[in-house]
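**Student:** this one's sequence-less:
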């Protein structure tokens, strides 16, 4: 796999992961905004 192919692959994967994150935040329902932001950032920093 060339460097260009790897770059394209990782950009697509990143976009997919951001879409999943948004989906799960919306599925969380009626949580306070700060709690949603905390969990979103916690997952981002732990990965």
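**Tutor:** Yep, it's here. Note that the structure is a prediction, hence the values are computed from the model and not measured.
**Student:** residue closest to the middle of the chain?
**Tutor:** Centroid-nearest residue in the chain, with Cα atoms, centre = their mean: residue 18, separated by 3.3 Å.
**Student:** Can you name the element that comes right after the host helix or strand of that residue?
**Tutor:** Using DSSP states H and E, the element containing residue 18 is helix 3-27. Next helix or strand after helix 3-27 toward the C-terminus (DSSP H and E): helix 33-46.
**Student:** other SSEs contacting that following helix?
**Tutor:** In terms of contacts (3 or more Cβ pairs under 8 Å, 6 or more residues apart in numbering; DSSP states H and E), helix 33-46 is packed against helix 3-27. C-beta: built from backbone N, CA, C; applies to glycine.
**Student:** between the helix it packs on and helix 33-46, how many degrees?
**Tutor:** Comparing the axes of helix 3-27 and helix 33-46 via axes from the mean of the first three to the mean of the last three Cα atoms, to 10 degrees yields an angle of 150 degrees.
**Student:** what about residue 4, distance to residue 13?
**Tutor:** Residue 4 sits at a distance of 15 Å from residue 13 (criterion: Cβ to Cβ, to the nearest Å).
**Student:** same thing with residue 26?
**Tutor:** 21 Å.
**Student:** go on, residue 23?
**Tutor:** For residue 23, the distance to residue 13 (Cβ to Cβ) stands at 15 Å.
**Student:** Also residue 41?
**Tutor:** Distance, residue 41 to residue 13, by Cβ to Cβ: 20 Å.
**Student:** before we move on, what about residue 3?
**Tutor:** Residue 3 sits 16 Å away from residue 13, taking Cβ to Cβ as the criterion.
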